[in-house]
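K.L.:
the sequence and its predicted three-dimensional model are supplied below.
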Amino acid sequence: MFYRDERLALFIDGSNLYAAARSLGFDIDYKLLRQEFMRRGKLVRAFYYTALLENDEYSPIRPLVDWLHYNGYSMVTKPAKEFTDSMGRRKVKGNMDIELAVDAMELAPFLDHAVIFSGDGDFRPLIEALQRKGVRVSVVSTIRSQPPMIADELRRQADNFIELEELRDVIGRPTRDPRPEAGDQNPTEV
C-alpha cells in the first residue's frame, strides 16, 4: 500500500530486476516505472545499481545506463571483475549489494517508504534495519517464474510484496526479438 503524501525512494538491483522481468517474458520501460512510482508518492530518489565491464569496447548495458542517468535516475556503477573459474569458464562478478544497502540506510531518515527491486535474500537484514528506523519497505520481484526469483525470507520480512508480473501492463514492454521481422525474409530462402 502506498500513500500519496509519503516520501519514497526506489532501489533497483539492475541485474536482478532484468533477470526477473526476462523470466516473465517482458522488458522494463524505465520511464513508465519512474512515472508509476511518482504517481504513488513523493519520489525522493530512484537509484539504479549495476556493474559495468570496463575493458570491453562496447558494453550492451551502456546505452541504458546513459539513458537512465539523463532521465532522473541516480546511477550507481562500479567495474565488474572478470575471472576464470576452476572449469576454465569466463565469469563476471559485479555485486552491488553493499552500495544499495549503504544508500538505503543513509537516505532512511528522509523516507517513509523504500521500494527495493530485488529478490536477493541478502537484503533481509537491510529491510529489518530500515523497518527499525520507521521506514516501510516494499519488495518488487516475482514468485511466478520457475524457480521463483525472490527468497522466501525476503518476501516475509517486507511490509509489502509486489509481484512484478502484476506490474507488466503498467511498466512493461514486450521483449525485443533478435530475429528478423517475418516480412524481412525472402520466402524462397526459408
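P.N.:
Yep, it's here. Keep in mind that what you see is a predicted model, and the values were worked out from it rather than measured.

K.L.:
partner residues bridging the closest residue to residue 96 other than its chain neighbours?
P.N.:
Leaving aside its sequence neighbours, residue 96 sits nearest to residue 49 (Cβ to Cβ, 6 or more residues apart in numbering; 3.8 Å). Yep, even glycine has a C-beta here, placed from its N, CA and C like the rest. Under DSSP bridges, the beta-bridge partners of residue 49 are residue 13, residue 76.

K.L.:
okay, strands next: where are they in the protein?
P.N.:
Secondary structure of the chain (DSSP state E): strands located at 7-13, 26-28, 42-52, 74-79, 81-84, 90-93, 113-117, 136-141, 160-163, 172-174.

K.L.:
can I get the CA coordinates of the longest one in CSV?
P.N.:
So that's strand 42-52. Taking C-alpha atoms only, strand 42-52 is exported to CSV below (Å, rounded to 0.1, in the frame of the first residue of the first chain):
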residue,chain,number,x,y,z
LYS,A,42,6.6,11.8,-3.4
LEU,A,43,9.6,10.2,-5.2
VAL,A,44,12.8,11.4,-3.5
ARG,A,45,15.2,9.3,-5.5
ALA,A,46,15.3,6.4,-7.9
PHE,A,47,18.6,4.6,-7.7
TYR,A,48,19.8,2.0,-10.3
TYR,A,49,22.7,-0.3,-9.4
THR,A,50,24.8,-2.2,-11.9
ALA,A,51,28.3,-3.3,-12.6
LEU,A,52,29.9,-2.5,-15.9
